[in-house]
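>>> I would like to see how this sequence folds:
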Amino acid sequence: MAGFTTHTGTIAVYNADNVDTDRIIPARFLTMVTRSGYGQLLFNDVRRQESCFPLDRDEAEGASILVVGTNFGCGSSREHAVWAIQQAGFVVVIARTDPDSPGYSDIFRSNAANCGLLLVELSAADHSKLVEAGSGATVTVDLVHQTVVSDGREMPFELNAAVREQLLAGLDLVGTTLVYEDKIASFERNWDAFAPKG
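Reported below is the predicted structural model:
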């Protein structure tokens, strides 16, 4: 996958808290045997239940940055939730972190890193500025300098150093292992603890 450095795009604001993975991609769609076709199913059930769902409004059309509330991606583990977000055109998700709640669940955070989706957490004060700007506002996310810039306001964010390097290099879990391919091959050539004696 391509490495992430900076991205400028418009935002779609879905400022809901505790959005679980079943809301992101309902479980009945997880039986597909391919890794494609999930983008059109993003928030499938709530989009049908709620009239004028935030992502269906004109100002959200073409958005590539999704702004959500806190504890996004809670619930069961499914990479499909990340795939649905990416296949719907989003390359960054920005959540709010509170003193008693992280922006994302741990499992969703791990799945996102493995699939190359950048997750940003902002303080409540900075996050509120994006919500106020509303869907359609232009935002720049800079992973190199770990900032989000909106309307001249620069908002810093923290990110695990290993995840940051992985995203900058465009590596998934297999790719991060293959960085050490020569060392692994050398070890395997020289390690014979379980080799049968001839």
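>>> Pull the contacting residues for residue 133.
Neighbour list for residue 133: 11, 139, 150-151 [criterion: C-beta atoms under 8 Å, 6 or more residues apart in numbering]. C-betas here are computed from N, CA, C, even on glycine.
>>> dump the residue contacts of the spatially most central residue of the chain.
In the chain, the residue lying closest to the centroid (C-alpha atoms, centre = their mean) is residue 117, at 3.6 Å. The contact partners of residue 117, by C-beta under 8 Å, 6+ apart, come to 82, 85-86, 90-93.
>>> From the chain's centroid, how far away is stretch 20-34?
Relative to its chain's centre, stretch 20-34 lies at 16 Å (C-alpha atoms, centre = their mean, to the nearest Å).
>>> Pull out the buried positions in that stretch.
When burial is assessed from 16 or more other C-beta atoms under 10 Å, stretch 20-34 yields the following buried residues: 21-26, 29.
>>> any idea of the mean pLDDT for that stretch?
Mean per-residue pLDDT for stretch 20-34: 89.
>>> again, but for stretch 183-195
For stretch 183-195, the per-residue pLDDT averages 75.
>>> Select the longest strand from the protein.
strand 6-14 (DSSP state E).
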